[in-house]
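1. Could you work out the structure for the sequence below:
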Amino acid sequence: MDLQFNKNEDKMKQLISAMERKLNKIYLGGGKSKIEKQHEQGKMTARERIDFLLDKDSKTIEIGAFAGEGMYEDHGGCASGGTIVVIGYIHGRQCLVVANDATVKAGAWFPITGKKNLRAQEISMENRLPIIYLVDSAGVYLPLQDEIFPDKENFGRIFRNNAMMSSMGILQIAAVMGSCVAGGAYLPIMSDEAMIVDKTGSIFLAGSYLVKAAIGETIDNETLGGATTHCEISGVTDYKCKDDKDCLTRIRNIMSKVGHFDKAGFNREASQPPLKDPNEMLGIIPEARDQQYDMHEIIYRMVDNSDFEEYKEAYGQSIICGLARIDGWSVGIIANQRKVVKSKKGEMQFGGVIYSDSAEKSARFIMNCNQKKIPLLFLQDVTGFMVGSRSEHGGIIKDGAKMVNAMSNSVVPKFTVVIGNSYGAGNYAMCGKAYDPRLIVGWPTANIAVMGGAQAAKVIVQIEVASLKSKGELITPEKEAELYNKIKDRYDSQTSPYYAASRIWIDAVINPLETRKWVSMGIEMANHAPITKPYNVGVIQT
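-> Okay, the predicted model is just below:
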C-alpha cells in the first residue's frame with residue numbers, strides 16, 4: 001500500500017475511534033448513578049432488557065443512537081432521545097424493539113423522542129416488522145410540551161400509528177416495566193397484547209397526586225394502576241409478570257409461536273465474503289474532500305466475491321450502476337464516481353458531479369431493477385448536478401428529473417449509505433431521507449448539506465460584505481477573512497454526520513466495515529413486506 005493509503009487509513013481509524021467514544025458515552029444513558037438507581041428498584045436498564053430479550057450472539061442494528069446528541073443542553077441533555085430502538089432477532093424472527101430509557105429524565109418524551117418513535121413505527125409499517133414496546137416513561141417532558149404534544153408529527157401520531165398497524169396485521173406487543181402515564185397509557189393498550197411487571201409497572205391517565213388535586217380522592221399509585229389492578233380488576237393488561245426477566249421471557253415465548261406471513265421474495269443465495277479485503281475500504285477514502293478515488297474499489301470490497309456486473313460501463317461514468325450480491329441478497333447499486341473520468345465524446349466529467357448522461361443512465365437502471373424486483377442500494381458521495389450553459393442547454397434539469405422520478409416511484413426497497421458528500425439536489429436524486437429509503441446511514445466521513453462549508457461561506461460572505469459596503473462600512477481583508485472563518489466553522493458543524501444523526505436525518509453513523517450487515521438486515525427486513533403496487537413513473541419529459 002502507498003503512503004496516501006496509509007494516511008487515509010489512519011484518518012478513518014481516528015474517525016471510527018471518535019465515533020465509538022461518543023457511543024460508549026451515549027450507552028450510559030443518564031449516567032452510572034441513574035443506572036445504579038434503576039438496579040436498586042429491581043429493574044433492568046433499557047439496554048439490559050433488550051439484550052435479554054434478543055437471541056444471544058445474534059446480529060443487531062441500532063436506529064438513532066445519536067438522536068438528541070448536542071441538543072437540549074439547557075435541559076440536561078437527552079441521550080439517544082431517551083429511547084432505544086434496535087432491530088434484532090427473537091427465536092430467529094426479525095423484530096423491532098423500542099425501549100424507553102428511564103435513566104434519561106425518567107424516560108420522559110422530548111421532541112426528538114417523538115420523532116425517533118415515529119421513525120421506529122415507520123420502519124415497522126414499511127416492512128411489516130413485528131414491534132415490541134418496553135415501556136418505562138414519565139410521559140411528555142412538560143417544559144417542551146409545545147414541541148411534542150399538538151402537531152401532526154408529534155406524540156399523538158404514535159397512537160394513530162398503533163391503530164393503523166393493528167389494521168395492517170403488524171404484531172405489536174407492549175410490556176409495561178415502569179411508569180406509563182397520561183396519554184402514554186394508550187400505547188400498550190392499543191397494542192395486540194400487553195403485560196405488566198408487578199410492583200414496578202403502573203398504568204394510569206393521572207397519578208395519585210393529580211387525582212387528589214382533580215377530584216379529592218386519596219389513593220396510592222399501586223392501587224390506582226398497578227399490576228394487580230389491571231390484571232385482576234380492570235382487565236387492561238393480559239399478563240402479570242413477577243419481574244423484568246419473567247416479562248421478557250413471556251415475550252420470547254409468545255414470539256416463538258408466531259406464524260410467518262407472505263414475503264416479498266427478493267433473490268438470495270448463499271453468502272460469500274468479498275474477495276478483496278473489506279478492511280482496505282478504510283484506506284481508500286481520502287481525507288480531503290476534493291481528492292479523487294475510484295468508487296469501484298469500495299464496491300469490490302463490499303459485495304459478495306467482489307463480483308459486480310456493471311451496467312452501461314462506458315456511458316455516463318460519473319455514476320456507477322450495476323448488479324451484485326451483499327450477504328447473498330441481490331442488489332442494484334447506484335454509486336457516485338469520485339474520480340475524474342473522460343467520456344467517449346472526449347469530455348471530462350468531474351468526480352461526485354451528476355451529468356445528464358449519468359442521470360439518464362441511472363433512471364433507466366432504476367426502472368430495470370424495479371422490473372426485476374431487485375432492491376436498490378445508493379452509495380452517496382455527491383456534490384450535486386453539473387451547472388453552466390452547456391449543461392443547461394443540454395437539459396440537465398430534465399434528465400435530473402427523470403432520475404428523481406424513477407427513484408421516487410420505486411416500489412422495490414431502497415437503502416442509502418452516505419460515504420462522503422451529500423450536497424444539494426444530489427442528496428435528493430441519490431435517495432436522501434426525503435425519498436423514503438428503508439434505512440439511511442452515514443460513514444464518519446459523511447457530510448450532508450445544501451453545499452460544502454467553504455462554498456457556502458464564500459456565498460454568504462459576498463452577500464454580507466455587499467450589504468455592509470452599501471451602508472458605507474469599510475471591510476478590510478482581515479475582517480472579511482474573520483467573517484469567512486466564522487461562517488465556515490458554523491456551517492461545517494451543521495454538515496457533520498452527528499448533526500444529521502442527532503436530528504434523525506440519518507438512522508445511524510456506522511463503521512464502514514458494518515455496511516454489509518446493515519444492508520443485509522435491511523433487505524431481510526424489507527422482505528417481510530410483499531410488493532403490492534405496480535411500478536409506474538407517470539409523466540417523464542423526453
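2. Not counting its neighbours along the chain, what's nearest Asn6?
-> The shortest distance from Asn6 to any non-neighbouring residue, by CB to CB, 6 or more residues apart in numbering, is to Gly283 (6.7 Å). Where you see a C-beta, it was placed from the backbone N, CA and C, and this is true even at glycine.
3. Give me the number of neighbouring residues for the closest residue to Asp55 other than its chain neighbours.
-> Setting aside the residues directly before and after it, Asp55 is nearest to Tyr89 in space (CB to CB, 6+ apart), at 4.7 Å. Neighbour count of Tyr89, defined by other CB atoms under 10 Å: 17.
4. how much space is there between Lys361 and Asn267?
-> 23 Å (CB to CB, to the nearest Å).
5. just for the stretch 151-300 of the chain, where's the confidence low?
-> Within the stretch 151-300 of the chain, no stretch falls below the threshold (pLDDT under 70).
6. any idea where the helices of it begin and end?
-> 156-167, 186-189, 208-215, 221-225, 227-228, 244-255, 295-300 (DSSP state H, counting those that start in this stretch).
7. Any buried residues in the fourth one, and which?
-> Of the residues in helix 221-225, those buried by neighbour count under the rule 16 or more other CB atoms under 10 Å are 221-222, 224-225.
8. possible to save those residues as CSV with distance to Ala449?
-> Converted to CSV, the buried residues of helix 221-225 look like this (distance: CB to CB, whole Å):
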residue, distance to Ala449
Asn221, 48
Glu222, 52
Leu224, 50
Gly225, 47
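9. Go through the residues you listed and say which is closest to Val340.
-> Taking CB to CB as the measure, Val340 lies nearest Gly225 of those, at 66.2 Å.
10. who does the closest residue to that closest one other than its chain neighbours bridge with?
-> Nearest residue to Gly225, sequence neighbours excluded (CB to CB, 6+ apart): Phe204, at 3.5 Å. In this entry, Phe204 is beta-bridged to Val181, by DSSP bridges.
11. count of neighbours near Phe204?
-> 21.
12. how near is it to Gly184?
-> 10 Å.
13. Just want the phi and psi numbers for Cys321.
-> phi -130, psi 140 (degrees, to the nearest 10).
14. Pull out the buried positions in stretch 392-403.
-> 395-396, 399-403.
15. go on, stretch 74-85?
-> Those would be 77-85, for stretch 74-85 by 16+ other CB under 10 Å.
16. and for that stretch, what are the contacting residues?
-> Defining contact as CB atoms under 8 Å, 6 or more residues apart in numbering, one finds that stretch 74-85 is touched by 25-26, 28-30, 46-47, 50, 62-68, 71-72, 96-101, 104-105, 107-110, 112-113, 115-117, 119-120, 137, 141, 143-144.
17. I'd like to know which of those residues are part of helices.
-> 25-26, 46-47, 50, 112-113, 115-117, 119-120 (DSSP state H).
18. What's the PyMOL syntax to select whichever of the residues you listed are buried?
-> The following PyMOL line selects those of the ones in helices among the contacts of stretch 74-85 that are buried, judged by 16+ other CB under 10 Å:
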select buried, resi 26+46+47+50+112+113+115+116+117+119+120
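19. Tell me the one of the ones in helices among the contacts of stretch 74-85 nearest Tyr499?
-> Using CB to CB, these come closest to Tyr499 at Ile112, 12.8 Å.
20. Surely the residue nearest to Gly225 touches Ala185?
-> Yes. Using CB atoms under 8 Å, Phe204 is in contact with Ala185, at 6.4 Å.
21. Pass me the low-pLDDT residue ranges in the stretch 351-500 of the chain, would you?
-> 393.
22. The nearest residue to Asp192 once chain neighbours are set aside: what's it in contact with?
-> The shortest distance from Asp192 to any non-neighbouring residue, by CB to CB, 6+ apart, is to Gln172 (5.1 Å). Gln172 makes contact with 130-133, 162, 165-166, 190-193, according to CB under 8 Å, 6+ apart.
23. was I right about the residue nearest to Asn6 contacting Phe5?
-> Yes. Counting by CB under 8 Å, Phe5 is a contact partner of Gly283 at 4.1 Å.
24. So if I had to pick from those two, which one is more boxed in?
-> For Gly283 versus Phe5, the count of surrounding residues by other CB under 10 Å is larger for Gly283: 21 against 14.
25. re the thing from before, am I right that the residue nearest to Asp55 falls within a strand?
-> Yes. Applying DSSP: H, G, I helix; E, B strand; the rest coil, one finds Tyr89 inside a strand.
26. Can you say which helix or strand has Ile333 in it?
-> Assigned by DSSP states H and E, Ile333 belongs to strand 329-336.
27. Tabulate the CA atom coordinates of that strand in PDB.
-> The C-alpha coordinates for strand 329-336 follow below in PDB (Å, rounded to 0.1, in the frame of the first residue of the first chain):
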ATOM      1  CA  TRP A 329     -29.000 -10.800  -1.300                       C
ATOM      2  CA  SER A 330     -29.300  -9.500  -4.900                       C
ATOM      3  CA  VAL A 331     -28.900  -5.700  -5.100                       C
ATOM      4  CA  GLY A 332     -28.800  -3.000  -7.700                       C
ATOM      5  CA  ILE A 333     -26.100  -0.400  -6.800                       C
ATOM      6  CA  ILE A 334     -26.200   3.200  -7.800                       C
ATOM      7  CA  ALA A 335     -23.000   5.000  -6.700                       C
ATOM      8  CA  ASN A 336     -21.300   8.300  -7.400                       C
END
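28. Quick one: mean pLDDT over it.
-> Across strand 329-336, pLDDT averages out at 98.
29. Note down every partner strand of the next helix or strand after that strand and its orientation.
-> Per DSSP H and E, the first helix or strand lying C-terminal to strand 329-336 is strand 341-342. Here strand 341-342 has these sheet partners by DSSP bridges: strand 348-349 (antiparallel).
30. what's next to the partner strand, contact-wise?
-> By CB under 8 Å, 6+ apart, strand 348-349 touches 317-318, 340-343, 355, 358, 386.
31. cutoff 7 Å now
-> Strand 348-349 has contacts (CB atoms under 7 Å, 6 or more residues apart in numbering) with 317-318, 340-343, 355.
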